[in-house]
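**Student:** Got a predicted structure here, sequence first:
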Amino acid sequence: MPKMVSATAWVAATAALSIGLALTAGAVVWQQQRASAEAHNLQERQVERLQSDVIKRLTMPVYGLKGARGALAALEGRFSRQAFDAYVESRDLPVEFPGVRGFGFIERVARRDLGTFVAARQRQGAAGFGVHGSGSDETLYVVTQIAPFSRNFPAWGMDLGADPVRRQAIERAIDTGEATLSAPLRLVQDPLKGPGFLLLVPVYRQGLDPGSPEQRRMALQGVLCAPLVANDLLRGVAEPAAALLDLKLSASTGDGEFKPLMAVRRGHVLTSDEASTYTLVDDPTAETLYFTVAGREFMLDTALTHGAAMTLLGLSGIGLELGGALLSLLLAVTVYLLASGRARAEQMARDMTADLARLARVASHTTNGVLITDPERRIVWVNEGFTRLSGYTGTEALGHQPGELLHSELTDADTVHGMREAMSVGMGCKAELMHRARDGRDYWVDVEIQPLLDDGGALTGFMLVQSDITARKALQAQADEARQSLQDLYDNAPCAYYALDGNGRFLQINALGLSWLGCTTAQLVGRASPADFFDDQGRALFNEAFPRFMREGRVSGLEFDITGRHGQTRRVSLSATAVYDASGTYLRSRSVMFDISETHHIRQQLHQLTLDQEAMLESDLIGMAKMRGRHTIWRNHALERIFGYADGELLGVPIRQLYLDDTSYETLGALAYPQLRAGGRFRTQLQMRRKDGSPIWVDLSGVDLPGSGVESLWMMVDITQSKAHEARMERAALHDGLTGLPNRMLLADRLKQAIAAAERMGHVFALAYLDLNGFKQINDTHGHDAGDEVLKVVAARLHAGLRTSDTVARLGGDEFVVLLTPQQAPADAEPVLNRLLDALCQPVTLASGEPVAVGSSLGLAHFPADGRTPETLMRRADEAMFANKRAGRPSTSTSRS
């Protein structure tokens with residue numbers, strides 16, 4: 001009987017094993033296909049989320065720049081520095097726009113106008129403004145506004161057009177009228193010199209897009225910009241996908257190439273050098289996605305990590321194979337055991353039950369929180385450790401998902417999303433999360449999730465083990481903050497910190513010291529001495545002072561000229577104290593080096609400046625006076641010479657006696673002194689009075705003297721002759737030399753003003769074109785001198801017959817134009833023109849005593865009936881005059897077409 005039972009058991013077991021293995025093979029094929037499809041779908045979802053996050057972070061600053069454009073339009077195009085700073089301060093840049101170092105405003109400047117442009121900005125209050133980094137192009141794109149100013153100071157006044165990459169992006173933004181992202185570049189605001197971008201939004205006059213590229217260039221007011229640091233902008237964007245994907249994000253450079261911005265391999269972010277050589281094209285799960293943001297093309301390469309690929313593709317099939325084989329084997333063993341004896345099966349069941357009981361006791365009494373969920377992540381069991389951590393009992397937790405009970409607004413959504421993605425495909429994961437207890441208390445936990453599978457490999461749920469790491473997190477945050485604070489203080493202190501060994505060589509040095517010397521830490525530590533960067537005189541002083549320093553333990557106030565390997569020289573002041581061991585042996589120095597280049601330069605110049613100041617104060621051309629309460633307490637000799645006073649006469653006298661009258665004295669005081677008290681400068685040109693009472697033109701400028709509060713310094717230059725010359729030149733440029741009437745240029749200006757006033761007030765006006773009849777005969781008969789006499793008389797008669805608001809101008813020869821403005825109706829011009837024509841018909845007596853006579857043909861045009869532009873009105877009046885002349889109408893007639 002035992003042998004028969006044994007043979008039967010072996011046959012039954014072999015049959016069960018064969019059937020199980022056949023079913024397992026079929027399931028493996030199906031599982032591999034399903035796993036490949038799920039892996040592809042999961043990869044696509046992660047890539048879509050990653051692409052969406054990148055696009056969102058790159059486009060969010062556009063809304064900030066467009067808001068600035070709207071603020072600029074509301075201010076009618078006048079964006080002062082105060083208004084610009086106020087707008088930027090109103091936006092929380094680190095929160096609203098991560099990676100944005102600030103907002104700026106770029107203005108287009110022609111190279112020929114650069115001097116005028118800079119001077120205008122300085123007059124508007126930007127005293128330190130200057131253009132730097134300029135290229136050779138005739139058109140410059142200069143950063144005139146930048147905020148926050150302290151973080152972006154190097155960019156203020158920079159010609160961005162000097163760099164081809166920046167210029168290309170600026171001009172593309174101007175021509176398209178759209179937000180534009182530059183190719184990757186290095187930003188002056190990024191001390192780490194990593195990749196960055198320049199985001200640009202054009203601003204046109206009146207806040208409207210003109211339409212075509214040519215019109216946009218003509219209507220350009222400026223370009224709003226935002227420097228984006230790629231490392232800050234993309235920080236954390238890859239973390240939710242890092243557990244599943246290796247990835248590389250690159251941006252096009254405009255020449256067909258792509259520059260890497262970020263790369264992640266096996267959950268670790270690669271350095272710039274590693275990212276440049278990292279490639280995913282050979283990975284069997286690699287996919288490449290191209291997308292465009294603000295005119296810039298990006299390339300996103302992704303592939304499943306080795307662990308994810310093994311879990312989703314490899315291990316899924318292997319697990320099924322192993323599980324199926326094991327299940328088949330177990331089935332065969334079970335059949336054999338059932339056939340060979342019930343007692344053995346019962347004993348195995350008792351052993352397994354004991355093992356499960358022991359495991360349950362361990363899970364219940366561990367200090368960690370343990371949860372078991374079903375496949376839909378609903379809690380089916382919790383241990384006492386979970387209740388101690390969260391405050392929720394097993395009864396309260398059953399049927400809920402962990403996120404429903406423990407979610408806090410401080411819980412990182414991306415981490416939760418990544419965990420859910422892993423669980424959705426039956427994978428385990430590990431993460432650190434912020435949870436909220438039942439009593440509202442937030443606490444940190446280290447969560448490890450493992451899938452639970454049945455004997456057939458099917459997912460039956462998940463086991464979550466939570467460890468409370470709140471205290472460790474708090475200590476870590478404090479330690480990180482302290483370490484970062486100390487490192488920042490050490491590296492970015494406004495002086496160079498370093499230590500020297502007994503041979504005078506560097507033991508350590510901070511970042512500022514490295515930048516001064518133009519070296520890396522490896523090039524200095526243990527290899528170089530400060531004396532290597534001194535001149536001969538400095539080396540001699542160092543070699544003499546260092547042994548004394550090691551003996552005495554202290555040195556201060558030593559000055560050296562130090563030249564870095566980049567060629568930059570600076571004057572430094574060195575102080576140090578020594579560190580000794582218990583036996584008094586020198587160990588190292590605590591040295592500090594201050595840059596006193598400016599101070600040294602100022603000291604060198606002080607004596608010369610004193611001499612120069614004395615020479616300037618006693619200048620014979622510029623009068624100077626120091627005032628207190630508008631009384632002179634000091635003056636130079638030039639001031640008394642300019643105003644005709646003897647030496648010492650103006651000392652201590654009220655300055656009122658130099659003004660023409662009380663009004664000019666009080667007006668200047670009301671204008672100047674509030675501006676001086678506000679820290680500004682005041683300058684104007686006005687007429688004043690010499691001692692003999694004669695007027696004198698003076699260029700007057702003043703400034704408050706620092707620290708006094710009540711004293712000011714005034715400088716006065718006699719510009720009487722230049723004013724007279726300026727008046728003569730202005731009159732010669734705008735008036736006819738023979739008659740003194742306005743010429744064609746002045747007429748054009750007044751005609752434009754008349755059109756603008758008429759359109760604004762709803763008035764009309766008339767323009768008359770006059771040509772003298774018989775003038776040529778006078779020239780031919782009596783000579784050109786006689787003709788000039790007639791022209792002067794005609795000019796005088798025309799001028800005398802007009803109102804003060806009217807204008808008569810000589811265009812040349814015997815042609816005159818009369819502008820009658822304003823009028824309420826066209827008929828109002830008739831009486832005036834008839835009066836003028838009657839006056840012109842009166843005989844003219846020449847200097848020789850001989851009488852002559854001229855007449856006039858007249859053409860008339862009305863605004864707006866005959867035209868709305870100066871050219872149209874002049875042409876219509878000229879045509880009307882010629883029509884009257886050809887028609888042979890009497891010269892005294894006011895008929896006109």
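**Tutor:** Received, thanks.
**Student:** Surely residue 747 is in contact with residue 819?
**Tutor:** Yes: the criterion here is Cβ atoms under 8 Å, and residue 747 meets it with residue 819 at 7.1 Å. Where you see a C-beta, it was placed from the backbone N, CA and C, and this is true even at glycine.
**Student:** Show me the common contact partners of those two, please.
**Tutor:** 807, 809 (Cβ atoms under 8 Å, 6 or more residues apart in numbering).
**Student:** The nearest residue to residue 177 once chain neighbours are set aside is in what secondary structure piece?
**Tutor:** Closest residue in space to residue 177, ignoring its immediate chain neighbours: residue 209 at 4.6 Å, by Cβ to Cβ, 6 or more residues apart in numbering. Under DSSP states H and E, no helix or strand contains residue 209.
**Student:** For residue 209, give me phi and psi.
**Tutor:** Backbone torsions for residue 209, taken as degrees, to the nearest 10, come to phi -80, psi 120.
**Student:** tally of neighbours for it?
**Tutor:** By other Cβ atoms under 10 Å, 13 other residues sit near residue 209.
**Student:** Give me the neighbour count for residue 626.
**Tutor:** For residue 626, using other Cβ under 10 Å, the count is 17.
**Student:** With residue 511 as the reference, measure out to the residue nearest to residue 177.
**Tutor:** To residue 511, residue 209 is 46 Å away according to Cβ to Cβ, to the nearest Å.
**Student:** same deal with residue 282?
**Tutor:** Distance from residue 282 to residue 511, counting by Cβ to Cβ: 39 Å.
**Student:** what comes up buried for stretch 759-768?
**Tutor:** Going by neighbour count (16 or more other Cβ atoms under 10 Å), the buried part of stretch 759-768 is 764-768.
**Student:** Just the endpoints, please. Distance across that stretch?
**Tutor:** This stretch, stretch 759-768, spans 20 Å end to end (Cα to Cα, to the nearest Å).
**Student:** outside of that stretch, which residues touch it?
**Tutor:** 751, 754, 757-758, 817-826, 828-829, 833, 858-865, 868, 873-874, 877.
**Student:** Over to stretch 57-70?
**Tutor:** Outside stretch 57-70, the residues that reach it (Cβ under 8 Å, 6+ apart) are 84, 87-88, 91, 93, 96-100, 103, 105, 179, 181, 197, 199, 201, 203, 207, 224-226, 228, 233-234, 237, 293-294.
**Student:** ok, now with 7 Å
**Tutor:** 87, 91, 96-100, 103, 179, 181, 199, 201, 203, 224, 226, 228, 233-234, 237, 293-294 (Cβ atoms under 7 Å, 6 or more residues apart in numbering).
**Student:** Please list only the buried members of these.
**Tutor:** Members of these classed as buried by 16+ other Cβ under 10 Å are 87, 91, 97-100, 103, 179, 181, 199, 201, 203, 224, 226, 228, 233-234, 237, 293-294.
**Student:** Those residues in strands, which ones?
**Tutor:** 103, 181, 199, 201, 203, 224, 226, 228, 293 (DSSP state E).
**Student:** so what's the last one closest to, chain neighbours aside?
**Tutor:** In this structure, residue 293 finds its nearest non-sequential neighbour in residue 58, 4.6 Å apart by Cβ to Cβ, 6+ apart.
**Student:** The third one too?
**Tutor:** Nearest-residue entry for residue 199: residue 226, 4.5 Å, with adjacent residues in sequence omitted and distances by Cβ to Cβ, 6+ apart.
**Student:** buried ones in stretch 68-84?
**Tutor:** Here stretch 68-84 shows 68-69, 72-73, 79, 81, 83-84 as buried, counting by 16+ other Cβ under 10 Å.
**Student:** ditto for stretch 854-866
**Tutor:** So stretch 854-866, judged by 16+ other Cβ under 10 Å, has buried residues 854-863, 866.
**Student:** farthest-separated two in those?
**Tutor:** Farthest pair in the buried residues of stretch 854-866 (Cβ to Cβ) is 854 and 863. Separation: 28.5 Å.
**Student:** which residues touch stretch 634-654?
**Tutor:** 617-626, 630-632, 658, 690-692, 716, 718.
**Student:** Now that you've got these, can you turn the buried subset into something I can paste into PyMOL?
**Tutor:** In PyMOL, a selection of the buried entries from these looks like this (16+ other Cβ under 10 Å):
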select buried, resi 617+622+623+624+625+626+632+658+716+718
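**Student:** and the contacts of stretch 634-654, which of them are in strands?
**Tutor:** Those of those lying in strands (DSSP E): 622-626, 631-632, 716, 718.
**Student:** for the stretch 351-500 of the chain, what spans make up the helices?
**Tutor:** 384-390, 394-397, 402-406, 413-424, 470-492 (DSSP state H, counting those that start in this stretch).
**Student:** returning to what we had before: okay, the ones in strands among the buried ones among the contacts of stretch 57-70 in JSON lines with pLDDT and distance to residue 144 next?
**Tutor:** Shown next, in JSON lines, are those (pLDDT from 0 to 100; distance: Cβ to Cβ, whole Å):
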{"residue": "103", "pLDDT": "93", "distance to residue 144": "12"}
{"residue": "181", "pLDDT": "93", "distance to residue 144": "22"}
{"residue": "199", "pLDDT": "94", "distance to residue 144": "18"}
{"residue": "201", "pLDDT": "94", "distance to residue 144": "16"}
{"residue": "203", "pLDDT": "92", "distance to residue 144": "12"}
{"residue": "224", "pLDDT": "93", "distance to residue 144": "11"}
{"residue": "226", "pLDDT": "93", "distance to residue 144": "15"}
{"residue": "228", "pLDDT": "91", "distance to residue 144": "20"}
{"residue": "293", "pLDDT": "92", "distance to residue 144": "27"}
